[in-house]
Each structure stands twice: as structure tokens, then as C-alpha cells.
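Colleague: Please work out how this folds:
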Amino acid sequence: MTLPILYSLRNCPFAMRARIAVYKSQYKVILRDIVLSNKPKEMLEASPKGTVPVLVLTCEAKNELTVIDESYDIMLWLLLQSDPNNLLHDHIDNALPEMQRLIAKFDQEFKTKLEQYKCAKRYQEDSLLARREACMPYLADLEQRLSDQDFFISSQESWADIAILPFIRQFARVERQWYLQAPYPKVRQWLNRYLQSKMFSKVMTKHPLWLDNPQAIYLGDE
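Modeller: Reported below is the predicted structural model:
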């Protein structure tokens, strides 16, 4: 069997959540770390848009190549293959549509506002406070969700938690001192649980760049 190949960039939030899904699914892949300033031709041939993550699946029996190059689709594909922790909540009615709605809200709305917030801080813009306030309703929603349970969808970890995690990590780093005093204690507790976990340490391990060291590196099947 040919293992899937995952092209990844260590600190990219989209690549990060793809690696988290690999870890959580325990679906073994070959990990190829890259930098965007030197993209492998193999990755560009598979996915000409040139962004990470990219998951390349090879079916030798049919001599077919399948490419998945959106993190949302990669996560869902992996969890549909293997979901030992039931992150898709197949035992709860309407849980999957609720996860999809929440993830889409953060992908399509929050991520843009987060980027504007980060830029305002980086360039010391006068709009910093307004940019931060634009993000706050999303954090307030998560805080409310965590008021009666440990995770966003239920008392059990879900796909939504691991999909949103990299964005909340980024938000927490923009104005660290403000974040530590912000009215989101449940969100802080939720985030800290992940940041201090074996899982996070594993998926954030720094590996040699694949173009510099083509030796196979594996992730998943823990």
C-alpha cells in the first residue's frame, strides 16, 4: 500500500489542523515539510495553486492519483477513513451539520478579521482596538459554548475543536497580555489543554525540510 503524502508548513494554521487530523485519525501519512519560498515541483505538479496543506493519494491498482488541497476537506477525508475518538459525533443527531456551520463561520468570517487584527498590531495601526473588537463576538460565542461543557459541540472533543484550534492560538498571540486578562477564561482553559498536550507537541515537531533531507518522515498511526 502506498501511504498518502502530506505537504505541510509548520506554522501555517491550515497545515497545522491537517496534521492534527492525521494525529487524531491515527491514519499514517508521509510528512513533507516545505517552505513557500521553495516549493517542491512534485507538490506543484499535484496542486498548481501552490498552497499547503496538500494531501496526495495514490491508488497503484488503478494507477490513479487523487489530490486534496483544502484543509477542511483533508480533515474530513481523514476522519471518514478513521475516527477512533468519534470526533464526527456519529452518535449525536445533527452534530455534523453543527460542526460544519461552526467551522465555516471561523474559516469564512473569523479568519479574515483575525488577519486584519494581526496586521493592525504588526504595523501599529490606529485601528487595532476596532480590529480586536471585530474578533470578540466569535470568542464570546466559544466562551458561551464552553460554559456548560468542555468542548464546542458537546462534552466530547469534536472535529470543530481541532479545526478552530490553530486560529484561537493565533488570536491569543496577537496581544498576549490583553488576552490573558480578557473575559474568556473558558477559552483560555480549552486552549491551554491543547497547547500542553502530547498531541500538540507531536504535530508541532520541527522536521528537516523535505527538499534538504528527502528521508521519509511519518505522522499518524500512533
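Colleague: buried set for the longest helix seen in the chain?
Modeller: Looking across the chain with DSSP state H, the single longest helix is helix 128-145. Neighbour-count burial for helix 128-145, with 16 or more other CB atoms under 10 Å as criterion, is recorded at L128, R131, R132, A134, C135, M136, Y138, L139, D141, L142, E143, R145. Glycine gets a C-beta too; all of them are placed from N, C-alpha and C.
Colleague: any idea where the helices of this protein begin and end?
Modeller: In the chain, the segments counted as helices under DSSP H are 13-25, 41-46, 71-81, 95-105, 111-122, 128-145, 159-174, 176-181, 185-195, 198-203.
Colleague: how does the protein divide into domains?
Modeller: Recorded structural domains for the chain (assignment: automatic domain parsing) are 5-87+201-219, 95-197.
Colleague: for the buried residues of helix 128-145, which one is nearest N85?
Modeller: Of all the buried residues of helix 128-145, the one sitting nearest N85 is R145; the distance, using CB to CB, is 18.9 Å.
Colleague: Enumerate every residue touching the residue nearest to the closest one when sequence neighbours are not counted.
Modeller: Using CB to CB, 6 or more residues apart in numbering and skipping residues adjacent in sequence, the residue nearest R145 is F152, 5.0 Å away. The contact partners of F152, by CB atoms under 8 Å, 6 or more residues apart in numbering, come to L102, L142, R145, L146, S158, A160, D161, I164.
Colleague: Ok, G50 next?
Modeller: Residues near G50 by CB under 8 Å, 6+ apart: L36, K39, M43, L44.
Colleague: distance of R19 from R193?
Modeller: Remark: distance between R19 and R193 (CB to CB, to the nearest Å) = 18 Å.
Colleague: who has more neighbours, the two?
Modeller: Here R19 and R193 are compared on neighbour count by other CB atoms under 10 Å; more neighbours surround R19, at 28 against 14.
Colleague: which residues are in contact with stretch 132-144?
Modeller: Outside of stretch 132-144, the residues within contact range by CB under 8 Å, 6+ apart are 105-106, 109-110, 113-114, 116-117, 120, 152, 164, 168, 171, 174-175, 178, 182-187, 190.
Colleague: any chance of the buried residues of helix 128-145 in JSON lines, plus distance to G50?
Modeller: Formatted as JSON lines, the entries for those read as follows, by distance: CB to CB, whole Å:
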{"residue": "L128", "distance to G50": "31"}
{"residue": "R131", "distance to G50": "28"}
{"residue": "R132", "distance to G50": "31"}
{"residue": "A134", "distance to G50": "29"}
{"residue": "C135", "distance to G50": "28"}
{"residue": "M136", "distance to G50": "34"}
{"residue": "Y138", "distance to G50": "29"}
{"residue": "L139", "distance to G50": "32"}
{"residue": "D141", "distance to G50": "33"}
{"residue": "L142", "distance to G50": "32"}
{"residue": "E143", "distance to G50": "37"}
{"residue": "R145", "distance to G50": "35"}
